[in-house]
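Visitor: here you go, sequence then predicted model.
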Amino acid sequence: MINQFLHNDTIAAVATAAGTGAIAVIRLSGPEAISITNSVFKGKDLTQQASHTIHFGTLRDGDKIIDEVLISLFVAPHSYTKENVVEISCHGSDFIVQQIMQLLLKKGARLANAGEFTKRAFLNGQFDLAQAEAVADLIASDSALSHEVAMKQMRGGFSQEIKRLRAELVHFASMIELELDFGEEDVEFADRDQLRSLILNIQQIIRELLKSFELGNVIKNGVPTVIVGKPNAGKSTLLNKLLNEEKAIVSDVPGTTRDFIEDEINIGGITFRFIDTAGLRETTDKVEAIGVERTMQKLSQSSLIIYLFDITGTTPEELEAELEKLNPKKLPFLPVANKIDQATPDQLAAFAGMAGLVQISAAEGARLEELKQALVNKVNLGKLNTQQQTIVTNLRHVDSLNKTYEALDDVLNGLGLGMSGDLVAADIRRALYSLGMITGEITTDDLLDNIFTKFCIGK
Ligand code: GDP
């Protein structure tokens with residue numbers, strides 16, 4: 001009999017998170033997945049059951065019952081990995097889970113490596129590499145937008161775009177290579193003008209994809225946001241309120257918030273990665289001086305700056321001067337007046353007409369919704385139609401797209417210089433290679449290891 005399986009060993013792993021839960025799921029994949037499970041299961045003969053059926057019974061180590069379980073069967077090739085897959089739903093105790101895992105290993109399964117189920121799914125042709133990577137993104141997604149983009153990539157949106165570009169180039173490469181077969185007879189199967197316009201078209205699409213990464217990165221990794229302002233402006237208080245827990249040090253002593261505390265909040269589907277900073281006052285205190293320097297450094301790493309000031313101790317002129325000083329790179333900047341609970345009517349009035357200014361009380365949590373709305377508006381994702389547009393979120397894809405673009409530049413140059421067909425064809429092949437790396441038509445072991453070891457075990 002021909003071995004229909006690419007892998008001849010059977011892997012097992014706990015698919016649910018550690019800790020006590022109502023249930024836990026253990027997953028097996030490989031040629032012996034069903035027979036190994038059957039050897040410790042009392043109930044129906046699992047080897048005789050149809051795919052996509054669920055069976056109740058007990059798992060036993062000899063005579064000892066370990067748990068009452070439900071077994072889900074997926075018979076090859078109708079499973080995630082395209083191999084035989086069994087999912088054991090047991091009671092969610094770490095002890096039970098460990099007992100069952102040990103039993104399965106004793107019966108011949110091997111502990112799966114990180115991402116090994118998904119790697120097998122990829123190698124068995126379930127989906128391409130970009131889709132496999134999206135599975136990891138989906139598991140890691142923590143906002144509406146990151147979820148939406150990962151879901152779209154997993155369902156093949158991005159892959160289709162890349163494959164379409166690739167197919168057109170493949171056509172030209174083979175036409176040019178056909179010309180080479182005719183040697184001296186000066187034939188041209190591949191219309192050079194058509195090739196040139198195809199390449200310009202592809203380059204245009206690549207530029208758009210690369211541009212989308214700016215956004216894709218924000219969606220996937222959050223908007224690095226920094227809160228700056230003078231000591232005692234209320235930065236720690238604000239961050240605490242926003243994070244809803246005591247993570248920043250709130251203190252009455254100016255300049256005591258010396259270290260950076262990074263945390264994330266999710267507003268309107270967007271993740272904001274907050275970076276709390278030491279006070280921005282000019283100081284001779286050594287520790288604080290480091291803080292100021294690092295604040296400037298953090299400013300340069302952030303994409304959005306909240307400038308918080310105490311409305312009870314600041315004039316509009318002083319604010320203008322501060323903003324001038326702080327925003328050399330003209331990043332999105334949100335001035336926020338704090339402590340309105342203590343402000344006099346005159347103080348409030350002085351800032352009332354200032355465009356784009358938000359007034360809050362961090363301590364009382366007043367008008368924080370307005371602040372949140374202003375943050376979302378600053379990021380300006382509202383204009384984005386994530387349904388329509390393909391968004392690149394992966395640095396590896398960016399790298400491959402850049403390499404493709406460069407190779408296509410070389411093709412264009414070659415065509416311009418009237419270079420011979422074999423040289424042009426070689427540059428097209430180089431572009432195809434880089435494009436193929438994205439979807440995994442071209443892979444190396446290192447590449448696969450790099451991608452799949454970042455997955456969790458059991459996925
Ligand atoms: P930071 O140095 O900018 O981080 O300022 P803190 O968050 O440590 O706040 C300095 C002081 O101002 C603390 O005593 C806070 O309780 C107080 N504070 C912060 N926000 C407000 C506010 O909205 N109203 C009032 N009245 N006090 C506030």
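Guide: Arrived safely, thanks for sending.

Visitor: in stretch 117-133, what counts as buried?
Guide: Neighbour-count burial for stretch 117-133 flags 117-124, 126-133 (criterion: 16 or more other CB atoms under 10 Å). Backbone N, C-alpha and C define where each C-beta goes, glycine included.

Visitor: nope, stretch 390-410 is what I was after
Guide: Result for stretch 390-410 [16+ other CB under 10 Å]: buried residues 390-394, 396-398, 400-401, 403-405, 407-408, 410.

Visitor: residue 64 and residue 100: what is the separation?
Guide: Counting by CB to CB, to the nearest Å, the gap from residue 64 to residue 100 is 12 Å.

Visitor: mean confidence for the longest helix seen in the chain?
Guide: Ranked by number of residues, the top helix in the chain under DSSP state H is helix 192-221. For helix 192-221, the mean pLDDT works out to 87.

Visitor: residue 13: what's it in contact with?
Guide: Listed by CB atoms under 8 Å, 6 or more residues apart in numbering, the contact set of residue 13 reads 26-27, 111-112, 116-117, 457-458.

Visitor: same question for residue 82.
Guide: Going by CB under 8 Å, 6+ apart, the list of residues near residue 82 reads 76, 120-121, 124-126.

Visitor: quick one: pLDDT of it?
Guide: 97.

Visitor: after the helix or strand bottoming out on mean pLDDT in the chain comes which helix or strand?
Guide: Sorting the helices and strands of the chain by mean pLDDT, DSSP states H and E puts helix 286-301 at the bottom, at a mean of 61. Using DSSP states H and E, the helix or strand that follows helix 286-301 in sequence is strand 304-310.

Visitor: what are the pairing partners of that next one, and which direction each?
Guide: Using DSSP bridges, the strands paired with strand 304-310 are strand 223-228 (parallel), strand 333-338 (parallel).

Visitor: low-confidence regions, the stretch 351-459 of the chain specifically.
Guide: In the predicted model, the stretch 351-459 of the chain carries pLDDT under 70 at residues 380-388.

Visitor: so which bits of it are right by the ligand?
Guide: Residues of the stretch 351-459 of the chain lying close to the ligand by CB under 6 Å from any ligand atom are 361-364.

Visitor: can you rerun that using 5 Å?
Guide: Residues of the stretch 351-459 of the chain lying near the ligand by CB under 5 Å from any ligand atom: 361-363.

Visitor: could you turn the buried ones of those into a ChimeraX selection?
Guide: The ChimeraX selection below is limited to those of those classed as buried (16+ other CB under 10 Å):
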select :361,362,363
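
Visitor: quick check, nearest of the residues of the stretch 351-459 of the chain next to the ligand to residue 107?
Guide: For these, the closest approach to residue 107 (CB to CB) belongs to residue 362, at 59.4 Å.

Visitor: show me the contacts for the closest one.
Guide: 234, 237-238, 241, 308, 338-339.

Visitor: try residue 397
Guide: The contact partners of residue 397, by CB under 8 Å, 6+ apart, come to 130, 158, 438.

Visitor: next, give phi and psi for the first one.
Guide: So the one you mean is residue 130. Dihedral pair for residue 130: phi -60, psi -40, per degrees, to the nearest 10.

Visitor: hang on, isn't it packed against residue 441?
Guide: No. With contact defined as CB atoms under 8 Å, residue 130 does not reach residue 441; the gap is 10.7 Å.

Visitor: ok, longest strand in the chain?
Guide: strand 64-74 (DSSP state E).

Visitor: next, residue 230: secondary structure please.
Guide: Classification of residue 230 using DSSP: H, G, I helix; E, B strand; the rest coil returns coil.

Visitor: look up how far residue 454 lies from residue 133.
Guide: Counting by CB to CB - residue 133 and residue 454 are separated by 9 Å.

Visitor: again with residue 42
Guide: 39 Å.

Visitor: and if you look at residue 206?
Guide: The value you get for residue 206 to residue 454, if CB to CB is used, is 25 Å.

Visitor: between the two, who's got more neighbours?
Guide: residue 206 (21 against 12; other CB atoms under 10 Å).

Visitor: of the contacts of residue 362, which pair is most distant in space?
Guide: The most distant members of those, if one measures by CB to CB, are 241 and 339, lying 12.9 Å apart.

Visitor: next, the angle from whichever strand or helix holds residue 272 to strand 304-310.
Guide: Here residue 272 is covered by strand 270-276, with elements defined by DSSP H and E. Relative orientation of strand 270-276 versus strand 304-310 (axes from the mean of the first three to the mean of the last three CA atoms, to 10 degrees): 50 degrees.

Visitor: check the offset of strand 270-276 from the chain's centre.
Guide: 16 Å (CA atoms, centre = their mean, to the nearest Å).

Visitor: so which elements touch it?
Guide: With contacts defined as 3 or more CB pairs under 8 Å, 6 or more residues apart in numbering; DSSP states H and E, strand 270-276 has these neighbours: helix 192-221, strand 223-228, helix 235-243, strand 262-267, helix 368-379.

Visitor: dump stretch 391-407 to CSV, restricted to CA.
Guide: What follows is stretch 391-407 as a C-alpha-only set of coordinates in CSV (Å, rounded to 0.1, in the frame of the first residue of the first chain):
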residue,chain,number,x,y,z
ILE,A,391,-3.1,45.3,4.0
VAL,A,392,0.4,43.9,4.6
THR,A,393,1.1,43.3,8.3
ASN,A,394,4.1,41.1,8.1
LEU,A,395,7.7,42.3,8.0
ARG,A,396,8.8,39.2,6.2
HIS,A,397,6.3,40.0,3.4
VAL,A,398,7.6,43.6,3.2
ASP,A,399,11.1,42.3,2.8
SER,A,400,10.1,40.0,-0.1
LEU,A,401,8.0,42.7,-1.7
ASN,A,402,11.0,45.1,-1.6
LYS,A,403,13.3,42.4,-3.2
THR,A,404,10.7,41.7,-5.9
TYR,A,405,10.5,45.4,-6.6
GLU,A,406,14.3,45.7,-7.0
ALA,A,407,14.4,42.7,-9.3
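
Visitor: and that stretch, how far from the chain's centre?
Guide: Distance of stretch 391-407 from its chain centroid, counting by CA atoms, centre = their mean, is 15 Å.

Visitor: again, but for stretch 22-37
Guide: Here stretch 22-37 is found 29 Å from its chain centre; the criterion is CA atoms, centre = their mean.

Visitor: repeat for stretch 139-157
Guide: With CA atoms, centre = their mean as the basis, stretch 139-157 stands 8 Å off its chain's centre.

Visitor: which residues are contacting that stretch?
Guide: Residues outside stretch 139-157 that contact it (CB under 8 Å, 6+ apart): 127-128, 130-131, 133-135, 137-138, 158-159, 216, 219-220, 264, 266, 269-271, 381, 386, 390-391, 393, 455-456, 459.
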